[in-house]
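Enquirer: below are the sequence and a predicted model; questions follow.
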Amino acid sequence: MSSAAASAWRRSLRGALLRGSPWRAGAGPSRQASTASAASSGAAAGPAAAPNKVPPPPRKGRLLTGAMIGLTIAGGAYVSTTDEATLCGWIFKSTELVNPLFALLDAEFAHRLAVIAAAHGFVPREKRPDPPVLGLEVWGRNFTNPIGLAAGFDKNAEAVEGLLGLGFGFVEVGSVTPQPQEGNPKPRIFRLKEHGAVINRCGFNSEGIVVVAKRLGAQHGKRKMEETSSYPSSNSNVKQGGKAGPGILGVNLGKNKTSEDAAADYVQGVHSLSQYADYLVINISSPNTPGLRALQGRKQLRELVKKVHDARDEMQWAEDGPPPLLVKIAPDLSKEDLEDIAAVPYWTWRCSFFQIISNTTIARPPPAEAHPLAQEAGGLSGKPLFDSSTRVLKEMYILTGGTVPLIGCGGVTSGEDAYKKIRSGATLVQLYTALAYGGPALIPRIKAELAECLERDGFKSVQQAVGADCKPKKA
């Protein structure tokens, strides 16, 4: 079809669409005058010419348009009849197509992009209920599942709602330092893709307590208004969800690199952020802040825990009381170090605390030791950390007699890994590096696999399986 004929067809189509519209029928006197003028001009010119014949649209165009309309209608009809669970599963599955693209980007830039995506809702939202076998109660709060996101992903509490929406049972933000600091020079994050591991030496890069407190305060106020208008009051002693809404929010506290008084830094964090947290974490095990791991020593830890515990208790709290206090320890500790840490509650009267086991390691466990980037300074996380962190977890569970909830962290990449952590003494489980490699689709898969493991071995709940490998076997 010639360009002139195509133009004539488009004018004809436009005229047909406008025919009978107010723009033509009710144009007013000026338009009528214009029409009359055109008519008189035509009469003066002589007999009216025969109307031009408008050629039909091209056959291929008609077929393509019809096909697109048909597909749209059919697709909409099918989606409308598809149950929400299936549709949600497709959305999570589709992220497997996008996630490999992040691997082509610089590691820290990719991380920043992921945080922005979660903060603005450009990530899937889990609408399917968790398997009932995964639900548990810890610290007087109900967790829909025991799988959480470890600190380090959302350092400045920018994406709490989006991350909880992915289906995590809890999310931990931070580490947050009192004063803003840039952290260590870049590059500071290195992928060991072949081993599912990462080495980082970020050094507590943080926007600081003031910025994070404002952000959490705004989020907290918004959720309070939503709860007041949406949820009936409950007389149960176990709170449904947490201060972050349907999920549980932890806040991880760090110290500034140049600070000479670590305890004062952690106390400032407690005073500023504890009202927004379902639990607080004292991070004393990052290998990227000089002198930080020395706080895990017997005397230092005892004094630090007492000061932070007292600072928390001197604040005024509502009926649900203050948030529990946790200490995050390293996987590189000796048996004697672990015994000292386990005994801290007995040295510091009434100062009870719980533990996250563990942080990144300064070791390079095989097979990561042979990687070209293995010599980069920093802490290693991911698959190679699983065995050593699980060993420390098991030892700590035995040392504490299974009397306190422990969070197992390090190398979790599957539901089977999470199950092993639980059998080794973890009440809750965290991951981070696996999410960087596996993307959002990893989360529902891990939960489904964990539920299958529990049911396979006859456990009716997560709590029944906690420490199963640490208990004497029945004859």
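Expert: That came in fine, so what should we check first?
Enquirer: residue 125 and residue 165 touch, don't they?
Expert: Yes - using C-beta atoms under 8 Å, residue 125 is in contact with residue 165, at 4.3 Å. No exception for glycine: its C-beta is placed from N, CA and C like everyone else's.
Enquirer: name the residue in these two with the higher neighbour count.
Expert: residue 165 (21 against 15; other C-beta atoms under 10 Å).
Enquirer: any idea how far the more buried one lies from residue 96?
Expert: Residue 165 is 18 Å from residue 96, where distance means C-beta to C-beta, to the nearest Å.
Enquirer: now residue 332: which helix or strand?
Expert: Using DSSP states H and E, residue 332 sits in no helix or strand.
Enquirer: likewise the one 10 residues further on?
Expert: Using DSSP H and E, residue 342 falls within helix 335-347.
Enquirer: dump the C-alpha coordinates for that helix into CSV.
Expert: Provided in CSV are the C-alpha atoms of helix 335-347 (Å, rounded to 0.1, in the frame of the first residue of the first chain):
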residue,chain,number,x,y,z
LYS,A,335,36.2,-23.7,72.7
GLU,A,336,37.5,-21.6,75.6
ASP,A,337,36.2,-18.4,74.0
LEU,A,338,32.8,-20.0,73.5
GLU,A,339,32.7,-21.1,77.1
ASP,A,340,33.4,-17.6,78.3
ILE,A,341,30.6,-16.1,76.1
ALA,A,342,28.1,-18.8,77.3
ALA,A,343,28.9,-17.9,80.9
VAL,A,344,28.4,-14.1,80.6
PRO,A,345,24.8,-14.2,81.8
TYR,A,346,26.0,-15.8,85.0
TRP,A,347,28.7,-13.2,85.6
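Enquirer: quick one: residues in contact with it.
Expert: The contact list for helix 335-347 (C-beta atoms under 8 Å, 6 or more residues apart in numbering) reads 296-298, 301-302, 305, 327, 329, 333, 351-353, 355, 392, 395-396, 399-400.
Enquirer: and the following helix or strand past it, how far from the chain's centre?
Expert: Later in the chain than helix 335-347, the nearest helix or strand by DSSP H and E is strand 354-357. Centroid separation for strand 354-357 versus its chain: 20 Å, with C-alpha atoms, centre = their mean, to the nearest Å.
Enquirer: ditto for stretch 175-188
Expert: Relative to the chain's own centre, stretch 175-188 is displaced by 20 Å; criterion: C-alpha atoms, centre = their mean.
Enquirer: for the stretch 351-475 of the chain, which spans come out with low pLDDT?
Expert: 351-353, 474-475 (pLDDT under 70).
Enquirer: 50 instead, please
Expert: Across the stretch 351-475 of the chain, nothing is flagged by pLDDT under 50.
Enquirer: and if you look at the chain?
Expert: 1, 13, 16-48, 234, 349.
Enquirer: sec struct for residue 372, please.
Expert: Following DSSP: H, G, I helix; E, B strand; the rest coil, the label given to residue 372 is coil.
Enquirer: next up, phi/psi of it, please.
Expert: phi -60, psi -30 (degrees, to the nearest 10).
Enquirer: from residue 107, how far off is it?
Expert: With C-beta to C-beta as the criterion, residue 372 and residue 107 are 15 Å apart.
Enquirer: those two: which has the busier surroundings?
Expert: residue 107 (18 against 8).
Enquirer: need the contact list for that one.
Expert: 187, 189, 190, 191, 198.
Enquirer: wait, a strand at the fourth one?
Expert: Yes - going by three-state DSSP, the assignment for residue 191 places it inside a strand.
Enquirer: mind checking how far the closest residue to it other than its chain neighbours is from residue 207?
Expert: Sequence neighbours aside, residue 107 is the residue nearest to residue 191 in space, at 5.4 Å (criterion: C-beta to C-beta, 6 or more residues apart in numbering). To residue 207, residue 107 is 20 Å away according to C-beta to C-beta.
Enquirer: OK, contacts around residue 89?
Expert: Contacts of residue 89 by C-beta under 8 Å, 6+ apart are 128, 444.
Enquirer: and it, that's in a helix?
Expert: Yes - under three-state DSSP, residue 89 sits within a helix.
Enquirer: mind listing what's buried in stretch 194-208?
Expert: For stretch 194-208, a neighbour-count test (16 or more other C-beta atoms under 10 Å) marks 195-208 as buried.
Enquirer: er, stretch 407-418 actually
Expert: So for stretch 407-418, counting by 16+ other C-beta under 10 Å, buried means 407, 408, 409, 410, 411, 412, 413, 414, 415, 417, 418.
Enquirer: can I get those in a markdown table with distance to residue 254 and secondary structure?
Expert: Output for these, formatted as a markdown table (distance: C-beta to C-beta, whole Å; DSSP: H, G, I helix; E, B strand; the rest coil):
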| residue | distance to residue 254 | secondary structure |
| --- | --- | --- |
| 407 | 17 | strand |
| 408 | 21 | strand |
| 409 | 16 | strand |
| 410 | 19 | coil |
| 411 | 22 | coil |
| 412 | 23 | coil |
| 413 | 26 | coil |
| 414 | 30 | coil |
| 415 | 31 | helix |
| 417 | 27 | helix |
| 418 | 26 | helix |
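Enquirer: which pair in these spans the largest distance?
Expert: Largest separation among those by C-beta to C-beta: 407 and 414, giving 17.8 Å.
Enquirer: element containing residue 164, please.
Expert: Here residue 164 sits within helix 160-165, counting by DSSP H and E.
Enquirer: just checking, what packs against that helix?
Expert: helix 107-119, strand 170-176, helix 209-230 (3 or more C-beta pairs under 8 Å, 6 or more residues apart in numbering; DSSP states H and E).
Enquirer: for residue 469, find the nearest of those.
Expert: Using C-beta to C-beta, the helices and strands packed on helix 160-165 put strand 170-176 closest to residue 469, at 23.5 Å.
Enquirer: how much does that closest one deviate in direction from helix 107-119?
Expert: Here the directions of strand 170-176 and helix 107-119 differ by 130 degrees (axes from the mean of the first three to the mean of the last three C-alpha atoms, to 10 degrees).
Enquirer: what's strand 170-176 packed up against?
Expert: Short answer (3+ C-beta pairs under 8 Å, 6+ apart): strand 170-176 packs on strand 147-149, helix 160-165, helix 209-230, strand 248-253, strand 279-283.
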